[in-house]
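Asks: Got a sequence here, can you model it:
(one chain, ligands or ions: 1)
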Amino acid sequence: MRRGTRPPFRCRRRRGDRGRGAAAARPDEVERTPKPGAVPAGGIVILAVPYASAVPVVTRYGDALAGKVIVDIANPFNATADGLTTPDGTSAAQEVAKAAPASAHVVKAFNTIFGHVLAQGRSMDALIAGDDAAAKASVSAFIESLGLRPLDAGGLEMARWLEGAGLLLMGLGRYGVGNYNFALGVSPG
Ligand SMILES: NC(=O)c1ccc[n+]([C@@H]2O[C@H](COP(=O)([O-])OP(=O)(O)OC[C@H]3O[C@@H](n4cnc5c(N)ncnc54)[C@H](OP(=O)(O)O)[C@@H]3O)[C@@H](O)[C@H]2O)c1
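Replies: Numbering: from 1, shown residues only. Purely as a prediction, here's the structure:
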């Protein structure tokens with residue numbers, strides 16, 4: 001299959017909880033956090049795990065995430081990637097926020113960009129949502145350091161719609177665009 005025509009989405013079973021999945025990041029520092037319970041370095045922690053693991057991972061790290069900005073990138077897709085597994089009125093990001101320490105701030109980001117498109121290093125829009133202005137400013141600076149344009153969609157309640165935009169990406173990949181080698185963007189009027 002040609003690159004860009006294969007859905008960037010797979011369903012698989014976990015082989016066990018191996019204590020990875022939280023990566024700390026600053027514009028000048030990206031670090032994997034290999035040991036369960038280790039305190040992630042840096043102020044921003046990118047939660048780069050499937051949604052099914054996101055809340056358990058945040059719960060396990062617990063107070064090690066106190067005061068951190070947690071970036072939730074998950075798309076809580078159903079098995080056919082045409083619906084969300086989260087109930088109406090919530091989102092992956094809001095569920096992560098409930099599990100995180102009260103002093104942590106969750107920002108939804110990166111879920112509207114295909115990973116392989118992000119890796120191409122092109123300039124594109126990164127939609128974000130979150131309740132804390134300082135946390136969003138910090139994530140926006142990180143996004144800009146990657147050469148992307150951060151676009152704030154509002155409070156964390158908007159995360160559900162960003163996750164819906166993740167579904168939109170999948171639908172466009174299947175139908176309107178016909179491949180998965182594109183990015184969603186906003187054109188100023
Ligand atoms: N791929 C995309 O284009 C894309 C786009 C937007 C958003 N996202 C979101 O990004 C996240 C990651 O997607 P992906 O495509 O990179 O998935 P992936 O290739 O399946 O990688 C997920 C990673 O999470 C680890 N992991 C899963 N459960 C864990 C647990 N309980 N503890 C520790 N580590 C755990 C996996 O470890 P093992 O390899 O050891 O299993 C793997 O390294 C998902 O939430 C997805 O919705 C992906």
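Asks: From here on, just use CA atoms for contacts and neighbour counts.
Replies: Will do.
Asks: Run the contact check for the longest helix seen in the chain versus the ligand.
Replies: The single longest helix within the chain, with elements called by DSSP state H, is helix 159-174. No - using Cα under 6 Å from any ligand atom, helix 159-174 stays clear of the ligand, coming no nearer than 6.9 Å.
Asks: In that helix, which residues are buried?
Replies: For helix 159-174, a neighbour-count test (16 or more other Cα atoms under 10 Å) marks 159-160, 162-171, 173 as buried.
Asks: go on, stretch 139-159?
Replies: Buried-residue list, stretch 139-159, by 16+ other Cα under 10 Å: 139-144, 148-159.
Asks: now, which of these lie within strands?
Replies: Arg149, Pro150, Leu151, Asp152 (DSSP state E).
Asks: For the residue positioned nearest the centre of the chain, list the residues it contacts.
Replies: Among the residues of the chain, the one closest to the centroid is Ile73, at 0.7 Å (Cα atoms, centre = their mean). Contacts for Ile73 (Cα atoms under 8 Å, 6 or more residues apart in numbering) come out as Ile46, Leu47, Ala48, Lys108, Ala109, Phe110, Asn111.
Asks: do you know how far it is from Arg160?
Replies: According to Cα to Cα, to the nearest Å, Ile73 stands 12 Å off from Arg160.
Asks: swap in Val55?
Replies: Noted for Val55: a distance of 16 Å to Arg160, by Cα to Cα.
Asks: got it, and Gln94?
Replies: Separation of Gln94 from Arg160 (Cα to Cα): 8 Å.
Asks: And Glu95, by the same measure?
Replies: 11 Å.
Asks: Which neighbours do the two have in common?
Replies: Contact criterion Cα under 8 Å, 6+ apart; residues shared by Glu95 and Arg160: none found.
Asks: Between the two ends of stretch 92-109, what distance do you get?
Replies: 12 Å.
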